[in-house]
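K.L.:
Show me how the following folds:
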Amino acid sequence: MEIINLSDRQNIVTDDKLYKIYIQFGILLSELRKKKLTDANIAFINDAIAELNALPADINLRKIVKQKQTTILKILEKEHKIVPKNYYRNIWLPVGMSAFGLPLGAAFGLAIGNIGLLSIGLPIGMAIGVGVGVNLDKKALTEGRQLDVEVKY
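P.N.:
A predicted model of the protein is given here:
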């Protein structure tokens with residue numbers, strides 16, 4: 001079973017954001033064709049593409065393409081641990097700021113006696129989160145679980 005192609009839409013060239021997302025989705029699909037996926041996943045992806053191909057041109061296509069792309073990526077990450085570039089970095093950056101940065105900043109602010117220094121911990125937490133995320137991205141790359149596409153919305 002093979003992943004079907006996304007239909008060419010000539011009318012999206014005028015909408016720059018839609019064009020970029022549509023092209024990105026096409027690149028994602030071409031990267032997924034290189035991976036060994038289950039028939040159930042390929043059928044799910046083909047259903048999503050068939051729905052997109054059947055949509056008329058006058059609807060909000062950008063929102064639907066984003067939803068389909070996000071759903072496909074969530075399923076692939078959950079079942080196969082296949083992720084796009086910088087996936088873990090983007091996940092861990094806010095986690096680092098909230099889980100590590102705020103407590104560190106609060107502890108530092110309380111130790112100094114100036115709670116206004118709470119924000120000192122945010123860049124520290126951000127650095128910790130980015131570090132953890134980059135290491136997980138490198139691990140995914142070495143294990144062959146990383147797609148050669150970066151998802152941007």
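K.L.:
Now the most far-flung residue of the chain relative to its centre. Its backbone dihedrals?
P.N.:
Of all residues in the chain, Gly113 has its C-alpha farthest from the mean position, at 40.3 Å, by C-alpha atoms, centre = their mean. Backbone dihedrals for Gly113, given as degrees, to the nearest 10, come out at phi 90, psi 10.
K.L.:
quick one: the helices in this structure?
P.N.:
When assigned using DSSP state H, the helices of the chain occupy the ranges 16-33, 39-54, 61-80, 87-95, 102-112, 121-142.
K.L.:
Highest mean neighbour count across these, which stretch is it?
P.N.:
Ranked by mean neighbour count, these are led by helix 87-95 with a mean of 18 (mean count of other C-beta atoms under 10 Å). Every C-beta, even on glycine, is put in place using the N, C-alpha and C of the backbone.
K.L.:
and it, how far out from the chain's middle?
P.N.:
The chain centre lies 10 Å from the centre of helix 87-95; the measure is C-alpha atoms, centre = their mean, to the nearest Å.
K.L.:
Keeping just the C-alphas, turn that helix into PDB.
P.N.:
Coordinates of the C-alpha atoms in helix 87-95 are reproduced here as PDB (Å, rounded to 0.1, in the frame of the first residue of the first chain):
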ATOM      1  CA  TYR A  87       9.900  18.300  17.400                       C
ATOM      2  CA  TYR A  88      11.300  17.600  20.900                       C
ATOM      3  CA  ARG A  89      13.000  21.000  21.100                       C
ATOM      4  CA  ASN A  90       9.700  22.700  20.500                       C
ATOM      5  CA  ILE A  91       8.000  20.500  23.100                       C
ATOM      6  CA  TRP A  92      10.700  20.900  25.700                       C
ATOM      7  CA  LEU A  93      11.300  24.600  25.500                       C
ATOM      8  CA  PRO A  94       8.100  25.700  27.300                       C
ATOM      9  CA  VAL A  95       8.300  22.700  29.600                       C
END
